[in-house]
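Asks: I would like the atomic coordinates for the input below:
(2 chains, ligands or ions: 1)
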Amino acid sequence: MADERIVGIDLGTTNSLVAFMQGEHPVVIPGEDGVNLVPSVVAMTGADARSFVVGNSARKALVESPERVVYSVKRLMGRGIEDVHEELKLFPFRMAEDIGPGEVLRIKLGEQQFTPSEISAHILRQLKRNAERYFGAPVAKAVVTVPAYFNDAQRQATKDAGRMAGLEVLRLVNEPTAAALAYGLDRKKEGIVAVYDLGGGTFDISILKLQDGIFEVIATNGDTHLGGDDIDNLLIAIALDDIQGELGLDLRANAEAVQAIRKAVIEAKIALSTETTSRISVELPDGKKYQRELPREAFEQIIKPVIDRTKGPCRQALKDAQVTPEQIDEVVMVGGSTRIPAVRQLTDEVFHLAARGKKPHIELNPDEVVALGAAVQANILGGGSAATENMLLLDVTPLSLGIEALGGVVAKIIQRNSTIPASATEHFTTGVDGQTNVAIHVVQGEREMAKDCRSLARFDLKGIPPMSAGLPRIEVKFLIDANGILHVSAREQRSGQEAEIEVKPTYGLTDEQVESMILESFDYAEQDFAERQLIEARNEAETILTAVEKAPGNAAWQQLSEEERTQINMLADELRVLRETGERTAIQASTEALDKATRRFAELMMDAAVSSAIGGKTMDAAGENLGEAPTVPHPFAPAEIK
Amino acid sequence: MQIAEQQSVKTACWSCGADVSGPLCAACGKVQPATEQDYFAVFSLPRRLSLDTKVLEREFYRLSRRLHPDLYARTSELEQQWSTEQTSLVNDAYRALKDPIARTEYLLKLEGMAIGEETTGKKQQPPADLLEEVFELNMQLEEMRMGGDDPQLRSDLENAKKQFEAQLAQADADLAALWAKWDGALAEGDLTAQMASKEEMLALLDRRRYVRNLVRDVNAALDGQSGDAPTP
Ligand SMILES: [Zn+2]
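Replies: Numbers count the residues shown, from 1 in each chain, chains lettered A, B, ... in the order given. Just a heads-up that it's a prediction; the model follows:
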């Protein structure tokens, strides 16, 4: 189908976006609220686990039922319970109690449990709907981005999420590589480019060689636990120290207060990207106000240890790519945290930019550039256009693949930074006469011992014909595909038999499990699209009307003026009438008007909600964790407590 | 993690039945299942060791533009799988051939020689002419490990590093000379000379590997690291 639309999706930790190629340029598709960024927040609205809302509407649901809302779920993708202790201290995830080691995580929402892939599927489905609304046509295929340093399990979990959302994920593209594609579109340049991607929770560095439209990644490195969140946590620790020092008030276990402080430090941090000084200002539970002047200089001193941690991966990537900083022609900045001037200065230092009369590229919005690049790749997969003609992306696997050998040592079979698809063939035999099974443990990582690497899967090669020890010759082929996902096949060579393999993926779902988790979709292809849109418009009207009906019971309602309340009631009456008609556009316009009128009310509710959302046991833990953190030295002006 | 069936080898185009001799059918242009091929054959090259990596890169890009899975996203599942297998063969071959040491090791393996540490399994003996230097270096490294990081020791290690790096450079130059010997013997079909150059290359690779490990250990000691690669 020539006009089949393939979208590009940035499935982010904090926000997600969907984009597509409009003529010569990639553009972001806004949500129904007209905003490009869809917060990666999912809320279950009904008891039957079928009604979900995503994005800003899910954030609103934080007020009434925080135990039914999940955010930052990307941190849990493809991970095990033993991996996420740190995450659980800092984020209000409510996990099922009976998760064993090596098992897929399950998150509790009300009485129900969901895997991280299922939660992500809801975000993907929302983006799919946004695109369908925009096109007025169904969308079934997508390119989805992942951090370059994501391992096999994290990639598989992302692909599974697509399938559950009714999206065929044609390709997983690494985020920094996608950014390079977005930039590469305008400047048909040759040379060596470094992409420095510092987001909310992860850091990636990729080095690419651009030549004749080929984007060849030559090395990538990163840290999946390094981002803007770490900066926020440092500033929070300082504020808590101040408050305890001045007032003797230990707020570490007070989830509500910690969250209020978090909000305040993030505001101060953002202000410092453009101002030379800012102020952390937050109201404390006892009515006092904590204020701290935060000059940029002091801020930079505080965050230095955090951002300095990006230097190691940068140097390792340069070393692996066998290039010197001087050989880097361009540096592209990606991710919200690259707005921090000190981060720009750091890249300048690492890549010797100013000394060579160069500047890092910041022309494209760092929040959008990854989605734009995904749209470019989607266009290439769809057969290309004049804009993408001759463009081809050659990416690499970020981590070495190995097999556990005798004594728990890892035998590496595919080295990190190998261009994908990549394969390796290994031969195995038996150690005992008549042995019919051979067990294989596949791991990913750079360490010498299997226990220090990431366990990917355990296989049993079965049905080996009984022979003397050492006689069978089983050939196993490992293939990493263009998505960075591993495939395995095996054959016993002496008997010519295909060896049967039973894979137990660590932290993964079986095909059958994924199948059972596919979201009930409204499949536009099967129904009249206009009818579907009308139903959707009515549903949206219903949602907002229900919220307005409940509004007077909320404290925030009283904070509105008499005028505001009258206006809302009038618009709601109008929408109630229109809802019963078949006029889709009129219903939508009326819904939009009511949404606009209630925006301030929603904001007031949300402010109250953010704190109550953290009510669960995990946020208490967040407080404890901050208590354990080393006190941050800050020889700056004292804070004011009024 | 997914599991795939292995495809059996075919000789006629699956689509039009014409005879097939490459990754793509010359008659209809469809991608074919990958066949077992050595890495030199993937690039239609003789088993010569001296090769122009610029030319190799051009050929790598040319093949990638025809075989990469990105170009097959709209074809059948089977064609996508074959494109993935063909591309992985090209990538694996390019990776092995572009690096001089990997290329030499690959050729020796292809020619039936047992290569280095992975097959011998026993600890390597230092080359006879380096015994004295190696002994001295090990003493210095041991001292460094015990915590003695004085300027004298550091400068001794810096000197040792320079010396072994020079050895490494010499080994590379010697290797290039052996390539010429092999390529000549190959062109003339002189099997005895081929065998001799293979033996020499094998010995030289052993020596080079030993020296390279020494340089790595010295660097690790000077950086104050254990030498282990970082882990995510
Ligand atoms: Zn044919």
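Asks: ok, now which residue in chain B is the farthest from the centroid?
Replies: B:Asp150 (38.6 Å; C-alpha atoms, centre = their mean).
Asks: Let me see the contact set for that one.
Replies: When the contact criterion is C-beta atoms under 8 Å, 6 or more residues apart in numbering or on different chains, B:Asp150 has no partners at all. Every residue, glycine included, has its C-beta placed from N, CA and C.
Asks: That one and B:Ala180: what is the separation?
Replies: B:Asp150 sits 46 Å away from B:Ala180, going by C-beta to C-beta, to the nearest Å.
Asks: And the residue of the stretch 51-200 of chain A that's closest to chain B?
Replies: Of the residues in the stretch 51-200 of chain A, the one nearest chain B is A:Leu170, at a distance of 5.2 Å by C-beta to the nearest C-beta.
Asks: isn't there a helix covering that residue?
Replies: No - for A:Leu170, which was evaluated using DSSP: H, G, I helix; E, B strand; the rest coil, the result is strand, with no helix membership.
Asks: That one is in contact with A:Gly162, isn't it?
Replies: No - A:Leu170 lies out of contact with A:Gly162 (C-beta atoms under 8 Å); the separation is 9.3 Å.
Asks: Report the buried residues of the helix ranked longest in chain B.
Replies: The longest helix of chain B (DSSP state H) is helix B:151-188. Of the residues in helix B:151-188, those with enough neighbours to count as buried (16 or more other C-beta atoms under 10 Å in any protein chain shown) are B:156-157, B:160-161, B:163-165, B:167-168, B:171, B:175, B:178-179, B:181-183, B:185-186.
Asks: And for stretch A:541-550?
Replies: Judged by neighbour count (16+ other C-beta under 10 Å), stretch A:541-550 contains these buried residues: A:Ala541, A:Thr543, A:Ile544, A:Leu545, A:Ala547, A:Val548.
Asks: try stretch B:11-21
Replies: Along stretch B:11-21, these residues count as buried under the neighbour rule (16+ other C-beta under 10 Å): B:Cys13, B:Trp14, B:Val20.
Asks: Equivalent analysis for stretch A:31-50, please.
Replies: Neighbour-count burial for stretch A:31-50 [16+ other C-beta under 10 Å]: A:Gly31, A:Glu32, A:Asn36, A:Leu37, A:Val38, A:Pro39, A:Ser40, A:Val41, A:Val42, A:Ala43, A:Met44, A:Thr45.
Asks: circling back to that earlier point, and the buried residues of stretch B:11-21 as CSV, adding secondary structure, distance to A:Met570 and pLDDT?
Replies: Formatted as CSV, those follow (DSSP: H, G, I helix; E, B strand; the rest coil; distance: C-beta to C-beta, whole Å; pLDDT from 0 to 100):
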residue, secondary structure, distance to A:Met570, pLDDT
B:Cys13, coil, 72, 88
B:Trp14, coil, 69, 89
B:Val20, coil, 74, 87
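Asks: Pick the one among those residues closest to chain A.
Replies: Relative to chain A, the closest of the buried residues of stretch B:11-21 is B:Trp14; by C-beta to the nearest C-beta it sits at 19.0 Å.
Asks: Next up, the contacts around the closest residue to the closest one other than its chain neighbours.
Replies: With sequence-adjacent residues excluded and distances taken as C-beta to C-beta, 6 or more residues apart in numbering or on different chains, B:Trp14 is closest to B:Gln32, at 6.9 Å. For B:Gln32, the contacting residues are B:Lys10, B:Cys13, B:Trp14, B:Val20, B:Gly22, B:Pro23, B:Leu24, B:Cys25, B:Trp82, B:Gln86, taking C-beta under 8 Å, 6+ apart as the criterion.
Asks: where do the contact lists of A:Leu170 and A:Gly162 overlap?
Replies: Where contact means C-beta under 8 Å, 6+ apart, the residues bridging A:Leu170 and A:Gly162 through contact with each are A:Ala142.
Asks: The closest residue to A:Arg473 other than its chain neighbours: how many residues sit nearby?
Replies: The spatially closest residue to A:Arg473, leaving aside those adjacent along the chain, is A:Gln493, at 4.4 Å (C-beta to C-beta, 6+ apart). A total of 12 residues lie near A:Gln493 under the criterion other C-beta atoms under 10 Å in any protein chain shown.
Asks: who's in contact with A:Gln493?
Replies: Neighbouring residues of A:Gln493 by C-beta under 8 Å, 6+ apart: A:Arg473, A:Ile474, A:Glu475.
Asks: Relative to the ion, how far out is the last one?
Replies: Computed as C-beta to the ion, to the nearest Å, the A:Glu475 to the ion distance reads 29 Å.
Asks: I'd like to know how many residues surround that residue.
Replies: Taking other C-beta under 10 Å as the criterion, the count of residues near A:Glu475 is 15.
Asks: how about it, what does it touch?
Replies: Contacts of A:Glu475 were listed using C-beta under 8 Å, 6+ apart, and they are A:Thr425, A:Glu426, A:His427, A:Ala490, A:Arg491, A:Glu492, A:Gln493.
Asks: Tell me the secondary structure of it, please.
Replies: Counting by three-state DSSP, the backbone at A:Glu475 sits in strand.
Asks: Tell me if I'm right that A:Thr338 and A:Asn365 touch.
Replies: No - using C-beta under 8 Å, A:Thr338 is not in contact with A:Asn365; the gap is 11.1 Å.
Asks: And the two? Which one has more around it.
Replies: A:Thr338 (22 against 12).
Asks: Break the chain into its domains for me.
Replies: No chain was given, so I picked chain A. With domains defined by automatic domain parsing, chain A comprises A:6-226+A:309-395, A:228-307, A:401-523, A:526-636.
Asks: Can you look at chain B instead?
Replies: Residue ranges for each domain of chain B read B:3-98, B:126-222, as given by automatic domain parsing.
Asks: Tell me which of these lies nearest to A:Glu349.
Replies: A:Glu349 sits nearest to domain B:126-222 of all these, at 22.6 Å, using C-beta to C-beta.
Asks: now the end-to-end length of that closest one.
Replies: Taking C-alpha to C-alpha, to the nearest Å as the measure, domain B:126-222 stretches 22 Å from start to finish.
Asks: Mind pulling up the pLDDT for the residue sitting nearest the centre point of chain B?
Replies: Geometric centre of chain B, nearest residue: B:Ala102, 1.5 Å, by C-alpha atoms, centre = their mean. As summarised for this prediction, B:Ala102 has a pLDDT of 93.
Asks: The one 3 residues further on now?
Replies: We have a pLDDT of 93 for B:Glu105.
Asks: Tell me which helix or strand it sits in.
Replies: helix B:100-110 (DSSP states H and E).
Asks: and that helix with chain A, contact?
Replies: No - shown here: helix B:100-110 not in contact with chain A (C-beta under 8 Å from any C-beta of the partner chain), separated by at least 10.1 Å.
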